[in-house]
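Trainee: Starting from these lines, generate the structure:
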Amino acid sequence: TFLSQCGSNCQVIIGDGRLELARAPNKSLDLLLLDAFSSDSVPMHLISREAVQLYLAKLVPDGVLMFHVSNRYLNVEKLVSSLVTDAGLAAYSRFDDAGDLRKFGKSSAYHIVAARRIEDLQPIARRQGWNRVIQPADYQPWTDDYSNLLSLIRWH
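Mentor: Prediction:
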């Protein structure tokens, strides 16, 4: 897996992501990648307004927040788009269609990257396939006290 390619500076911390992250020093991360949303059980406490504020506190000023939001059952990209725009962040998204590679087991993937300043995302913005994230119309970001799972269901 990707951990074998990570190098010698990789530290794996086992535990609840938000609780463990709260213990990390502020302004200590260049990149924070969240990849916990692809199953049929979505950890709501990782995609709330308060969670995004915690993530931003842990990032250096020009740090980047990245979400892997692929999910067959839930429109997680809609929620994350509302959270990053609500936080005043610049953000880009990309859908990577697996296409013919599905027959080899590859899945399509949806990513959102966000930063405090649009300039910090220019290397990504210049690449083909990345689109600026806009605030979803009529959608309320989740908080630790409010969530609406039904609003995310993909009704096929």
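
Trainee: okay, CA-based contacts and neighbour counts for the rest of this
Mentor: Fine.

Trainee: I'd say Ala90 and Ala115 touch.
Mentor: Yes: Ala90 is in contact with Ala115 according to Cα atoms under 8 Å; the separation is 5.5 Å.

Trainee: Who has more neighbours out of these two?
Mentor: Neighbour tally, Ala90 and Ala115, criterion other Cα atoms under 10 Å: the higher count belongs to Ala115, 24 against 19.

Trainee: Next one: the more buried one from Gly88, what distance?
Mentor: Distance of Ala115 to Gly88, computed by Cα to Cα, to the nearest Å: 9 Å.

Trainee: Now the common contact residues for Ala90 and Ala115.
Mentor: By Cα atoms under 8 Å, 6 or more residues apart in numbering, Ala90 and Ala115 have these common neighbours: Leu121.

Trainee: Could you pick out the longest strand of the protein?
Mentor: Secondary structure of the chain per DSSP state E: the longest strand is strand 59-68.

Trainee: Which strands border that one, and is each parallel or antiparallel?
Mentor: Strand 59-68 sits in its sheet next to strand 29-34 (parallel), strand 109-115 (antiparallel), going by DSSP bridges.
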